[in-house]
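>>> How does the following fold in three dimensions:
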Amino acid sequence: MAWFRLRPTFEIGLRDPREEAIERIFSEYQRRQSDTLMFVHGEYGEFHLPKEEHRLWSPHLSFYVHDDQGHGLIRGRFAPRLEIWTFVWVVYLALAFSCFFGLTLGYSQWTIGGSPWGLWVALVSLLALIGLYVVAHLGQQWSSDQMVFLRTRLHQFLEQAGVAVIDR
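Alright, predicted model coming up:
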């Protein structure tokens, strides 16, 4: 279910060993020190969009260089900007707690013979959770052009760094 992922991921196989790929990536990054739309530290890196291109659901691309049987393997992941991602998870947690405590309250009210209005709190929270997920999914679809741009930028960077990619 590729469409059901909250943060899309991908893998890029490398012909070079992990350590050599990291060294080439870092060398290219140091050569481009003036590029503020990327960050590399050891085996980890990020690509960002210019501020003027930011939309609410604009992604950034983070990647790690892993070892895959003697060769390097890049695992990339798209996610919303950190401030948006943090806000979304705080809202998810608040709604999940509201749903849980609404269920608990409603059950308690029902067992003592009262009106279980707490179940309405749980239902509204659950519907809001589903709504937030749908909005996040739509935002991800609306930003697919930016995800393609960032992934293309990663491939161009790897090419300029001299890191050989294995077609998968």
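>>> E53 is in contact with S143, isn't it?
No: contact criterion CB atoms under 8 Å: E53 and S143 do not qualify, at 10.2 Å. All C-beta atoms are positioned from the backbone trio N, CA, C, and that covers glycine.
>>> neighbour-wise, which of these two wins?
S143 (20 against 10; other CB atoms under 10 Å).
>>> Now the nearest residue to that one once chain neighbours are set aside: phi and psi?
Leaving aside its sequence neighbours, S143 sits nearest to W57 (CB to CB, 6 or more residues apart in numbering; 4.9 Å). Reported as degrees, to the nearest 10, the phi and psi values for W57 are phi -100, psi 20.
>>> give the contact list for W57.
80, 84, 136, 139-140, 142-143 (CB atoms under 8 Å, 6 or more residues apart in numbering).
>>> What residues sit buried inside the helix or strand encompassing I74?
Assigned by DSSP states H and E, I74 falls within strand 71-80. Applying a neighbour-count criterion of 16 or more other CB atoms under 10 Å, one finds 71-74, 76, 78-80 buried in strand 71-80.
>>> and if you look at stretch 88-105?
For stretch 88-105, by 16+ other CB under 10 Å, it's 88, 92, 95, 98-99, 102-103, 105.
>>> Of those residues, just say which sits nearest to I22.
V88 (31.3 Å; CB to CB).
>>> got the contact list for that closest one?
V88 makes contacts with 80, 132, 136, as judged by CB under 8 Å, 6+ apart.
>>> that older thread, continuing past the strand holding I74, what's the next helix or strand?
helix 82-111.
>>> May I see the contacts of V88 organised as JSON lines, with distance to T111 added?
Listed next are the contacts of V88 as JSON lines, based on distance: CB to CB, whole Å:
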{"residue": "P80", "distance to T111": "41"}
{"residue": "L132", "distance to T111": "31"}
{"residue": "A136", "distance to T111": "36"}
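>>> Could you measure from S144 over to R55?
Using CB to CB, to the nearest Å, one gets 12 Å for the distance from S144 to R55.
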